[in-house]
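[1] structure for this input, please:
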Amino acid sequence: VKKNFLDLGTQPITNAFLTEDKFDDEYFYNLSLGMDEDTKLVSLMETVKPELMFNDVYAHRASMSETMRNSFKEVAESLVKQFMPMKVLEVGSNDGVFIRNFSKEAIVAIEPCENLADITSAMGYKTYCDFWDISTAHMIVSNHGEMDLIYSANTISHIENIVEVFKAVDFSLSDEGVFVFEDPSLYSVLNNTSYDQFYDEHVHLFSVIGLINLLNDCGLEIFKVDSLTTHGGSNRVYVKKKNNKSLSIDDSVDQNVQKESVYGMNDIFVYEQFANRVKESKVQLVELLNRFKNDGKKIISYGATYKSATIFNYCRIGVDLIDYIVDTTVNKQGKFSPGMHIPIISPEEGFDGSVDYAFLGAWNFTKEIMKKERSYIDRGGKFVTHVPSVRLI
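    Okay, the predicted model is just below:
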(Lines give C-alpha, C1' and ligand atoms only; values in the text may rest on other atoms or scores of the structure.)
Protein backbone atom coordinates (compact mmCIF):
# COMPACT_ATOMS: atom_id res chain seq x y z
CA VAL A 1 0.00 0.00 0.00
CA LYS A 2 1.48 3.33 -1.10
CA LYS A 3 0.66 6.25 1.18
CA ASN A 4 0.72 9.72 -0.42
CA PHE A 5 2.65 12.36 1.56
CA LEU A 6 3.59 15.19 -0.85
CA ASP A 7 1.95 16.87 -3.84
CA LEU A 8 4.23 19.05 -6.00
CA GLY A 9 1.42 19.95 -8.40
CA THR A 10 1.31 19.93 -12.17
CA GLN A 11 4.75 19.35 -13.65
CA PRO A 12 6.25 19.04 -17.15
CA ILE A 13 8.85 16.62 -18.56
CA THR A 14 11.96 18.15 -16.99
CA ASN A 15 14.34 17.43 -19.87
CA ALA A 16 11.98 18.80 -22.54
CA PHE A 17 13.54 22.19 -23.27
CA LEU A 18 11.19 23.79 -25.73
CA THR A 19 11.04 26.09 -28.69
CA GLU A 20 8.11 28.52 -28.72
CA ASP A 21 6.14 26.56 -31.32
CA LYS A 22 5.98 23.54 -28.94
CA PHE A 23 4.39 25.37 -25.96
CA ASP A 24 0.82 24.32 -26.79
CA ASP A 25 1.69 20.61 -27.09
CA GLU A 26 3.62 20.38 -23.82
CA TYR A 27 2.93 17.28 -21.71
CA PHE A 28 2.04 17.70 -18.02
CA TYR A 29 1.32 15.26 -15.19
CA ASN A 30 0.74 15.42 -11.43
CA LEU A 31 3.90 14.99 -9.37
CA SER A 32 3.09 13.49 -5.99
CA LEU A 33 5.02 11.14 -3.76
CA GLY A 34 4.10 8.13 -1.68
CA MET A 35 5.75 5.58 0.58
CA ASP A 36 5.09 1.86 0.26
CA GLU A 37 4.28 0.77 3.81
CA ASP A 38 5.60 -2.77 3.22
CA THR A 39 8.93 -2.16 1.47
CA LYS A 40 9.43 1.48 2.65
CA LEU A 41 10.18 2.43 -0.97
CA VAL A 42 9.41 6.08 -1.80
CA SER A 43 8.12 6.57 -5.37
CA LEU A 44 6.03 8.80 -7.60
CA MET A 45 2.30 8.14 -7.29
CA GLU A 46 1.91 8.65 -11.06
CA THR A 47 4.73 7.86 -13.48
CA VAL A 48 5.47 9.19 -16.95
CA LYS A 49 5.95 6.85 -19.93
CA PRO A 50 9.72 6.22 -20.25
CA GLU A 51 9.63 6.98 -24.00
CA LEU A 52 8.51 10.55 -23.23
CA MET A 53 11.61 11.11 -21.07
CA PHE A 54 14.32 8.96 -22.64
CA ASN A 55 14.46 9.45 -26.38
CA ASP A 56 16.59 10.85 -29.21
CA VAL A 57 16.55 14.43 -27.89
CA TYR A 58 17.68 13.73 -24.32
CA ALA A 59 19.45 16.89 -23.10
CA HIS A 60 21.67 15.92 -20.17
CA ARG A 61 25.33 15.26 -21.05
CA ALA A 62 27.34 14.10 -18.02
CA SER A 63 30.72 14.71 -19.71
CA MET A 64 29.99 18.46 -19.83
CA SER A 65 30.85 18.76 -16.12
CA GLU A 66 34.46 18.59 -14.97
CA THR A 67 33.27 17.37 -11.56
CA MET A 68 31.43 14.48 -13.22
CA ARG A 69 34.34 13.54 -15.52
CA ASN A 70 36.75 13.37 -12.58
CA SER A 71 34.26 11.55 -10.38
CA PHE A 72 33.57 8.80 -12.96
CA LYS A 73 37.28 8.35 -13.70
CA GLU A 74 37.92 7.83 -9.98
CA VAL A 75 35.07 5.36 -9.55
CA ALA A 76 36.12 3.36 -12.64
CA GLU A 77 39.69 3.07 -11.32
CA SER A 78 38.46 2.18 -7.82
CA LEU A 79 36.10 -0.57 -9.05
CA VAL A 80 38.78 -2.14 -11.25
CA LYS A 81 41.22 -2.14 -8.34
CA GLN A 82 38.70 -3.66 -5.90
CA PHE A 83 37.03 -6.29 -8.11
CA MET A 84 39.32 -6.83 -11.14
CA PRO A 85 36.38 -7.53 -13.49
CA MET A 86 36.98 -9.14 -16.89
CA LYS A 87 33.53 -8.24 -18.24
CA VAL A 88 31.76 -4.98 -17.39
CA LEU A 89 28.28 -3.71 -18.22
CA GLU A 90 27.02 -0.17 -17.68
CA VAL A 91 23.28 0.42 -17.48
CA GLY A 92 22.52 3.98 -18.59
CA SER A 93 25.83 4.99 -20.16
CA ASN A 94 24.78 8.56 -21.10
CA ASP A 95 27.56 10.09 -23.29
CA GLY A 96 30.25 7.64 -22.19
CA VAL A 97 31.54 9.50 -19.12
CA PHE A 98 32.15 6.18 -17.28
CA ILE A 99 32.88 3.73 -20.10
CA ARG A 100 35.59 5.95 -21.63
CA ASN A 101 37.80 4.75 -18.74
CA PHE A 102 37.69 1.13 -20.03
CA SER A 103 39.06 -0.64 -23.09
CA LYS A 104 36.47 -1.21 -25.81
CA GLU A 105 36.77 -5.00 -25.41
CA ALA A 106 36.08 -4.99 -21.65
CA ILE A 107 32.77 -3.11 -21.43
CA VAL A 108 29.28 -3.16 -22.94
CA ALA A 109 26.82 -0.27 -22.59
CA ILE A 110 23.05 0.06 -22.44
CA GLU A 111 21.53 3.47 -23.18
CA PRO A 112 17.88 3.98 -24.22
CA CYS A 113 18.42 7.54 -25.52
CA GLU A 114 19.33 7.23 -29.18
CA ASN A 115 21.30 10.49 -29.41
CA LEU A 116 23.52 9.37 -26.50
CA ALA A 117 23.86 5.75 -27.68
CA ASP A 118 25.07 7.16 -31.02
CA ILE A 119 27.85 9.06 -29.21
CA THR A 120 29.24 5.97 -27.44
CA SER A 121 28.83 3.81 -30.55
CA ALA A 122 30.85 6.39 -32.50
CA MET A 123 33.52 6.18 -29.78
CA GLY A 124 33.78 2.47 -30.62
CA TYR A 125 31.95 1.01 -27.60
CA LYS A 126 29.34 -1.73 -28.08
CA THR A 127 26.14 0.10 -27.09
CA TYR A 128 22.62 -1.31 -27.03
CA CYS A 129 19.90 1.32 -27.43
CA ASP A 130 17.44 -0.41 -25.07
CA PHE A 131 15.74 -0.11 -21.70
CA TRP A 132 17.05 -2.36 -18.92
CA ASP A 133 14.70 -5.27 -18.23
CA ILE A 134 14.69 -9.08 -18.24
CA SER A 135 14.66 -9.38 -22.05
CA THR A 136 17.63 -6.99 -22.39
CA ALA A 137 19.46 -9.01 -19.70
CA HIS A 138 18.86 -12.23 -21.68
CA MET A 139 20.19 -10.61 -24.84
CA ILE A 140 23.34 -9.35 -23.04
CA VAL A 141 24.12 -12.75 -21.48
CA SER A 142 23.45 -14.53 -24.76
CA ASN A 143 25.77 -12.16 -26.71
CA HIS A 144 28.48 -11.49 -24.11
CA GLY A 145 28.14 -14.00 -21.24
CA GLU A 146 27.62 -13.21 -17.56
CA MET A 147 29.09 -9.99 -16.18
CA ASP A 148 31.67 -9.59 -13.40
CA LEU A 149 30.66 -5.98 -12.78
CA ILE A 150 27.39 -4.20 -13.55
CA TYR A 151 27.59 -0.48 -12.89
CA SER A 152 24.88 2.16 -13.04
CA ALA A 153 24.82 5.81 -11.98
CA ASN A 154 21.61 7.80 -11.63
CA THR A 155 19.63 5.33 -13.71
CA ILE A 156 18.20 2.57 -11.48
CA SER A 157 16.00 5.12 -9.67
CA HIS A 158 14.54 6.03 -13.10
CA ILE A 159 13.01 2.59 -13.77
CA GLU A 160 9.49 1.93 -12.53
CA ASN A 161 9.54 -1.87 -12.28
CA ILE A 162 12.32 -2.06 -9.71
CA VAL A 163 11.84 -5.76 -8.93
CA GLU A 164 12.35 -6.64 -12.61
CA VAL A 165 15.49 -4.44 -12.62
CA PHE A 166 17.03 -6.41 -9.77
CA LYS A 167 15.95 -9.79 -11.20
CA ALA A 168 17.60 -8.82 -14.51
CA VAL A 169 20.78 -7.96 -12.57
CA ASP A 170 20.68 -11.31 -10.74
CA PHE A 171 20.31 -13.09 -14.10
CA SER A 172 23.24 -11.22 -15.70
CA LEU A 173 25.79 -11.37 -12.88
CA SER A 174 28.44 -14.07 -12.68
CA ASP A 175 28.36 -16.03 -9.37
CA GLU A 176 31.02 -13.80 -7.82
CA GLY A 177 30.03 -10.72 -9.79
CA VAL A 178 29.23 -7.36 -8.22
CA PHE A 179 26.47 -4.86 -9.00
CA VAL A 180 27.35 -1.27 -8.04
CA PHE A 181 24.85 1.53 -8.47
CA GLU A 182 24.53 5.07 -7.23
CA ASP A 183 21.47 7.23 -6.91
CA PRO A 184 20.38 10.21 -4.81
CA SER A 185 19.96 9.37 -1.13
CA LEU A 186 16.47 9.74 0.31
CA TYR A 187 18.06 10.47 3.71
CA SER A 188 19.89 13.49 2.21
CA VAL A 189 16.71 14.72 0.50
CA LEU A 190 14.79 14.65 3.79
CA ASN A 191 17.69 16.21 5.67
CA ASN A 192 18.24 19.03 3.14
CA THR A 193 14.57 19.60 2.22
CA SER A 194 15.85 19.19 -1.36
CA TYR A 195 12.44 18.39 -2.81
CA ASP A 196 13.76 19.23 -6.27
CA GLN A 197 15.23 15.70 -6.33
CA PHE A 198 11.67 14.62 -7.13
CA TYR A 199 10.85 14.89 -10.83
CA ASP A 200 9.56 12.72 -13.68
CA GLU A 201 12.79 10.73 -14.14
CA HIS A 202 13.27 10.03 -10.45
CA VAL A 203 10.54 7.41 -10.19
CA HIS A 204 12.03 6.29 -6.84
CA LEU A 205 14.21 7.82 -4.16
CA PHE A 206 16.05 5.09 -2.30
CA SER A 207 16.68 4.50 1.36
CA VAL A 208 19.09 1.72 2.29
CA ILE A 209 16.26 0.16 4.33
CA GLY A 210 13.97 0.08 1.26
CA LEU A 211 16.70 -1.36 -0.97
CA ILE A 212 17.49 -4.17 1.46
CA ASN A 213 13.80 -5.17 1.46
CA LEU A 214 13.59 -5.16 -2.36
CA LEU A 215 16.92 -6.87 -3.11
CA ASN A 216 16.20 -9.60 -0.60
CA ASP A 217 13.33 -10.88 -2.76
CA CYS A 218 15.65 -11.10 -5.80
CA GLY A 219 18.40 -13.26 -4.31
CA LEU A 220 20.67 -10.25 -3.81
CA GLU A 221 22.10 -8.39 -0.81
CA ILE A 222 23.97 -5.17 -0.07
CA PHE A 223 27.52 -5.67 1.21
CA LYS A 224 28.72 -2.06 1.31
CA VAL A 225 27.40 1.52 1.07
CA ASP A 226 29.50 4.60 0.26
CA SER A 227 27.96 7.96 1.15
CA LEU A 228 28.77 10.49 -1.58
CA THR A 229 28.39 14.25 -1.95
CA THR A 230 27.39 13.85 -5.65
CA HIS A 231 23.99 15.32 -6.60
CA GLY A 232 23.61 16.83 -3.14
CA GLY A 233 24.00 13.48 -1.38
CA SER A 234 23.98 10.04 -3.00
CA ASN A 235 24.60 6.45 -1.98
CA ARG A 236 26.89 4.13 -3.91
CA VAL A 237 25.46 0.71 -3.15
CA TYR A 238 27.49 -2.50 -3.61
CA VAL A 239 25.42 -5.63 -4.18
CA LYS A 240 26.30 -9.33 -4.49
CA LYS A 241 24.40 -12.59 -4.88
CA LYS A 242 23.30 -13.94 -1.50
CA ASN A 243 25.12 -17.22 -2.06
CA ASN A 244 28.42 -15.45 -2.82
CA LYS A 245 30.33 -15.89 0.44
CA SER A 246 33.64 -14.52 -0.92
CA LEU A 247 32.62 -10.97 0.04
CA SER A 248 31.85 -10.07 3.64
CA ILE A 249 29.26 -7.52 4.68
CA ASP A 250 30.84 -4.18 5.59
CA ASP A 251 29.85 -2.19 8.72
CA SER A 252 28.65 0.65 6.46
CA VAL A 253 25.45 -1.30 5.70
CA ASP A 254 24.32 -1.49 9.31
CA GLN A 255 25.51 2.08 9.96
CA ASN A 256 23.21 3.36 7.21
CA VAL A 257 20.28 1.27 8.42
CA GLN A 258 20.79 2.64 11.95
CA LYS A 259 21.08 6.25 10.71
CA GLU A 260 17.86 5.93 8.70
CA SER A 261 16.00 4.15 11.52
CA VAL A 262 16.97 6.79 14.07
CA TYR A 263 15.80 9.51 11.65
CA GLY A 264 12.45 7.70 11.49
CA MET A 265 12.47 6.71 7.84
CA ASN A 266 10.20 3.75 8.52
CA ASP A 267 7.47 6.12 9.65
CA ILE A 268 5.08 8.04 7.34
CA PHE A 269 4.95 10.84 9.96
CA VAL A 270 8.57 11.81 9.10
CA TYR A 271 7.58 12.20 5.43
CA GLU A 272 4.56 14.32 6.36
CA GLN A 273 6.86 16.60 8.39
CA PHE A 274 9.13 16.86 5.35
CA ALA A 275 6.10 17.86 3.23
CA ASN A 276 5.38 20.71 5.67
CA ARG A 277 8.98 21.96 5.37
CA VAL A 278 8.64 21.87 1.56
CA LYS A 279 5.51 24.07 1.72
CA GLU A 280 7.34 26.51 4.00
CA SER A 281 10.35 26.57 1.64
CA LYS A 282 8.06 27.51 -1.27
CA VAL A 283 6.55 30.45 0.64
CA GLN A 284 9.98 31.75 1.71
CA LEU A 285 11.54 31.48 -1.76
CA VAL A 286 8.68 33.27 -3.52
CA GLU A 287 8.67 36.01 -0.85
CA LEU A 288 12.43 36.55 -1.18
CA LEU A 289 12.37 36.78 -4.99
CA ASN A 290 9.37 39.12 -4.88
CA ARG A 291 11.21 41.39 -2.42
CA PHE A 292 14.23 41.63 -4.74
CA LYS A 293 12.01 42.24 -7.76
CA ASN A 294 10.08 45.00 -5.97
CA ASP A 295 13.43 46.64 -5.14
CA GLY A 296 14.16 46.78 -8.89
CA LYS A 297 16.81 44.06 -8.80
CA LYS A 298 17.60 41.76 -11.70
CA ILE A 299 17.26 38.04 -10.94
CA ILE A 300 18.35 35.20 -13.21
CA SER A 301 18.77 31.46 -12.73
CA TYR A 302 22.16 29.75 -13.00
CA GLY A 303 21.80 26.35 -14.67
CA ALA A 304 18.78 25.05 -16.65
CA THR A 305 18.60 21.93 -14.50
CA TYR A 306 15.90 19.31 -14.12
CA LYS A 307 15.86 20.12 -10.41
CA SER A 308 15.07 23.78 -11.02
CA ALA A 309 12.16 22.80 -13.29
CA THR A 310 10.49 21.11 -10.28
CA ILE A 311 11.01 24.24 -8.15
CA PHE A 312 9.86 26.77 -10.73
CA ASN A 313 6.72 24.79 -11.57
CA TYR A 314 5.84 24.00 -7.94
CA CYS A 315 6.44 27.61 -6.83
CA ARG A 316 4.98 29.06 -10.08
CA ILE A 317 8.15 31.11 -10.67
CA GLY A 318 8.25 32.45 -14.22
CA VAL A 319 9.56 35.42 -16.21
CA ASP A 320 7.75 37.77 -13.83
CA LEU A 321 10.50 36.97 -11.28
CA ILE A 322 13.37 35.46 -13.26
CA ASP A 323 14.49 37.24 -16.43
CA TYR A 324 16.23 34.24 -17.98
CA ILE A 325 18.36 31.18 -17.25
CA VAL A 326 22.04 30.91 -18.19
CA ASP A 327 23.41 27.48 -19.09
CA THR A 328 26.59 26.27 -20.77
CA THR A 329 24.85 23.35 -22.53
CA VAL A 330 24.62 24.41 -26.18
CA ASN A 331 21.53 22.31 -26.99
CA LYS A 332 19.53 24.07 -24.21
CA GLN A 333 20.43 27.60 -25.37
CA GLY A 334 17.83 29.44 -27.40
CA LYS A 335 15.10 27.28 -25.89
CA PHE A 336 12.71 27.72 -22.95
CA SER A 337 12.50 25.96 -19.61
CA PRO A 338 9.87 23.23 -19.21
CA GLY A 339 6.50 24.37 -17.91
CA MET A 340 7.28 27.97 -16.93
CA HIS A 341 8.92 28.84 -20.27
CA ILE A 342 11.79 30.97 -19.01
CA PRO A 343 14.26 31.70 -21.85
CA ILE A 344 17.67 29.98 -21.72
CA ILE A 345 20.79 31.77 -22.98
CA SER A 346 24.54 31.28 -22.75
CA PRO A 347 26.46 32.66 -19.73
CA GLU A 348 28.52 34.77 -22.19
CA GLU A 349 25.33 36.48 -23.29
CA GLY A 350 23.55 36.79 -19.96
CA PHE A 351 25.82 36.43 -16.93
CA ASP A 352 27.06 40.01 -16.92
CA GLY A 353 27.34 43.07 -14.68
CA SER A 354 23.58 43.71 -14.84
CA VAL A 355 22.78 40.61 -12.72
CA ASP A 356 22.10 41.24 -9.00
CA TYR A 357 20.90 37.79 -7.92
CA ALA A 358 21.29 34.35 -9.47
CA PHE A 359 19.16 31.42 -8.31
CA LEU A 360 21.32 28.30 -8.02
CA GLY A 361 19.55 25.85 -10.29
CA ALA A 362 22.60 23.60 -9.97
CA TRP A 363 23.05 23.92 -6.18
CA ASN A 364 24.73 20.50 -6.09
CA PHE A 365 27.67 22.11 -7.97
CA THR A 366 27.92 25.10 -5.61
CA LYS A 367 31.67 24.64 -5.01
CA GLU A 368 32.48 24.43 -8.72
CA ILE A 369 30.27 27.47 -9.45
CA MET A 370 31.75 29.58 -6.63
CA LYS A 371 35.24 28.93 -7.96
CA LYS A 372 34.23 29.73 -11.53
CA GLU A 373 32.22 32.87 -10.74
CA ARG A 374 34.66 34.59 -8.36
CA SER A 375 34.40 37.93 -10.19
CA TYR A 376 30.56 37.95 -9.89
CA ILE A 377 30.84 37.39 -6.13
CA ASP A 378 33.67 39.94 -5.75
CA ARG A 379 31.57 42.68 -7.33
CA GLY A 380 28.74 41.97 -4.88
CA GLY A 381 26.61 39.52 -6.89
CA LYS A 382 24.69 37.04 -4.74
CA PHE A 383 23.47 33.51 -5.28
CA VAL A 384 20.07 32.37 -3.96
CA THR A 385 19.53 28.77 -2.85
CA HIS A 386 16.73 26.85 -1.14
CA VAL A 387 19.01 24.09 0.26
CA PRO A 388 18.97 23.29 3.13
CA SER A 389 16.89 26.45 3.65
CA VAL A 390 16.10 29.55 1.58
CA ARG A 391 19.11 31.87 1.88
CA LEU A 392 21.72 33.98 0.09
CA ILE A 393 25.28 32.77 -0.56
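[2] for burial, what's the neighbour tally of the nearest residue to D356 once chain neighbours are set aside?
    Excluding the flanking residues, the one nearest D356 by CB to CB, 6 or more residues apart in numbering is K297, at 4.1 Å. The way it works is simple: take the backbone N, C-alpha and C, and place the C-beta from them, glycine included. By other CB atoms under 10 Å, 13 other residues sit near K297.
[3] do the same with G145
    If we define neighbours as other CB under 10 Å, then G145 has 12 of them.
[4] what of S248?
    If we define neighbours as other CB under 10 Å, then S248 has 8 of them.
[5] my read: it touches F223, true?
    Yes: between S248 and F223 there is a contact at 7.1 Å, judged by CB atoms under 8 Å.
[6] assess the claim that the residue nearest to D356 and Y357 are in contact.
    Yes: counting by CB under 8 Å, K297 touches Y357, with 6.0 Å between them.
[7] quick check, Y125 in contact with D95.
    No: Y125 is not in contact with D95 according to CB under 8 Å; the separation is 11.0 Å.
[8] list the contacts for D133?
    N161, E164, V165, A168 (CB atoms under 8 Å, 6 or more residues apart in numbering).
[9] can you put those in JSON lines and add distance to F312, neighbour count and secondary structure?
    Shown next, in JSON lines, are these (distance: CB to CB, whole Å; neighbours: other CB atoms under 10 Å; DSSP: H, G, I helix; E, B strand; the rest coil):
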{"residue": "N161", "distance to F312": "30", "neighbour count": "14", "secondary structure": "coil"}
{"residue": "E164", "distance to F312": "33", "neighbour count": "16", "secondary structure": "helix"}
{"residue": "V165", "distance to F312": "30", "neighbour count": "26", "secondary structure": "helix"}
{"residue": "A168", "distance to F312": "35", "neighbour count": "24", "secondary structure": "helix"}
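[10] centre of the chain versus the helix or strand of the chain with the lowest mean pLDDT, how much separation?
    The weakest-scoring helix or strand in the chain, judged by mean pLDDT, DSSP states H and E, is helix 50-53 (a mean of 80). Between the centre of helix 50-53 and the centre of its chain there are 15 Å (CA atoms, centre = their mean, to the nearest Å).
[11] output the contacting helices and strands for whatever helix or strand comes next after that helix.
    Sequence order places helix 66-83 as the next helix or strand after helix 50-53, per DSSP states H and E. On a contact count with 3 or more CB pairs under 8 Å, 6 or more residues apart in numbering; DSSP states H and E, helix 66-83 meets strand 147-153.
[12] how does it look with 10 Å?
    strand 88-91, strand 147-153, strand 173-184, strand 220-228, strand 234-241, helix 366-372 (3 or more CB pairs under 10 Å, 6 or more residues apart in numbering; DSSP states H and E).
[13] which one of those is the most hemmed in?
    strand 88-91 (a mean of 26; mean count of other CB atoms under 10 Å).
[14] strands paired with that strand, and their directions?
    strand 107-110 (parallel), strand 147-153 (parallel) (DSSP bridges).
[15] for these, which one sits closest to M45?
    strand 147-153 (24.4 Å; CB to CB).
[16] just how off-centre is stretch 96-104 within its chain?
    Per CA atoms, centre = their mean, the centroid offset for stretch 96-104 relative to its chain is 20 Å.
[17] which parts of that stretch are buried?
    G96, V97, F98, I99, R100, N101, F102 (16 or more other CB atoms under 10 Å).
[18] tell me who's in contact with the fourth one.
    What that stands for is I99. 72, 76, 88-90, 93, 106-109, 111, 120, 123, 125-127, 151 (CB atoms under 10 Å, 6 or more residues apart in numbering).
[19] any of those buried? List them.
    The neighbour count (16+ other CB under 10 Å) marks 72, 76, 88-90, 93, 107-109, 111, 120, 125, 127, 151 as buried among the contacts of I99.
[20] what's the closest of those to I322?
    F72 (31.5 Å).
[21] hmm, that closest one is touching G96, no?
    Yes: using CB atoms under 10 Å, F72 makes contact with G96 at a distance of 9.5 Å.
[22] state the distance from K242 to S152.
    20 Å (CB to CB, to the nearest Å).
[23] repeat that for N70.
    N70 is 19 Å from S152, by CB to CB.
[24] report the beta-bridge partners for the closest residue to K382 other than its chain neighbours.
    Nearest-residue entry for K382: L392, 4.8 Å, with adjacent residues in sequence omitted and distances by CB to CB, 6+ apart. Beta-bridge partners for L392, by DSSP bridges, are V384.
[25] all further residue positions should be reported with the first residue as 14.
    Yep, numbering from 14; the last one is L405 now.
[26] isn't L405 up against Y370?
    Yes: contact criterion CB under 10 Å: L405 and Y370 qualify, at 7.8 Å.
[27] tell me the residues that contact both of these two, please.
    L301, F305, K395, F396, V397.
[28] and of the residues you listed, the nearest to F364?
    Using CB to CB, those come closest to F364 at F396, 11.6 Å.
[29] please report the distance of that closest one from G352.
    23 Å.
[30] these two: which is more packed in?
    G352 (23 against 19).
[31] quick one: the helices in the chain?
    Assigned by DSSP state H, the helices in the chain fall at 63-66, 79-96, 127-135, 147-157, 175-185, 199-205, 221-229, 264-276, 281-307, 319-328, 360-363, 379-385, 387-391.
[32] and the most centrally placed residue in the chain, how far is that from A150?
    Centroid check for the chain by CA atoms, centre = their mean gives N167 as the closest residue, at 5.1 Å. Counting by CB to CB, the gap from N167 to A150 is 20 Å.
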